[in-house]
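Q: Attaching a predicted model along with its sequence, questions to come.
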Amino acid sequence: VLKVLIWLMAPVAMELSRHPQLLSSDAEVGRGFLQRLGDKARVLDYLDALEGALPDGEDETDDYLRWAIAEADAILRDNADVVGTLGEALVGGAAT
């Protein structure tokens, strides 16, 4: 759950680090993911194991989202050279 949440919040983390005034990525995607997963876990018996992995309430959901953005930011910073090279390749059309 946490790895998927980090992946979902990576675009937000990238935009916050590069262009915070132009944020276009939707941070609510992570909230929706957690909410839908919680809804499914309450209905489907085989997802009972998720109950302990999901946040309890809005405050804890906000904490999960802030944590996921911070983790995504750390991963992006740790891999800045690779991210930069990939970005240049995408902009230059070399990746298509």
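A: All right, it came through fine. Bear in mind that the values here come from a model prediction, so they are computed numbers and not experimental data.
Q: Under the pLDDT cut-off, which ranges of the chain? List them.
A: 20-24, 94-96 (pLDDT under 70).
Q: Report the separation between residue 69 and residue 77.
A: According to C-beta to C-beta, to the nearest Å, residue 69 and residue 77 sit 12 Å apart. Where C-beta positions appear, they are placed from N, C-alpha and C, glycine not excepted.
Q: So between the two, which is more surrounded?
A: residue 69 (21 against 11; other C-beta atoms under 10 Å).
Q: How about the contacts made by the more buried one?
A: The contact partners of residue 69, by C-beta atoms under 8 Å, 6 or more residues apart in numbering, come to 9, 12, 13, 16, 27.
Q: Need the residues you listed in JSON lines (columns: secondary structure and distance to residue 40).
A: Output for these, formatted as JSON lines (DSSP: H, G, I helix; E, B strand; the rest coil; distance: C-beta to C-beta, whole Å):
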{"residue": "9", "secondary structure": "helix", "distance to residue 40": "20"}
{"residue": "12", "secondary structure": "helix", "distance to residue 40": "24"}
{"residue": "13", "secondary structure": "helix", "distance to residue 40": "26"}
{"residue": "16", "secondary structure": "helix", "distance to residue 40": "29"}
{"residue": "27", "secondary structure": "coil", "distance to residue 40": "21"}
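Q: ok, those residues vs residue 81, which is closest?
A: Residue 81 lies nearest to residue 13 out of those, by C-beta to C-beta, at 16.9 Å.
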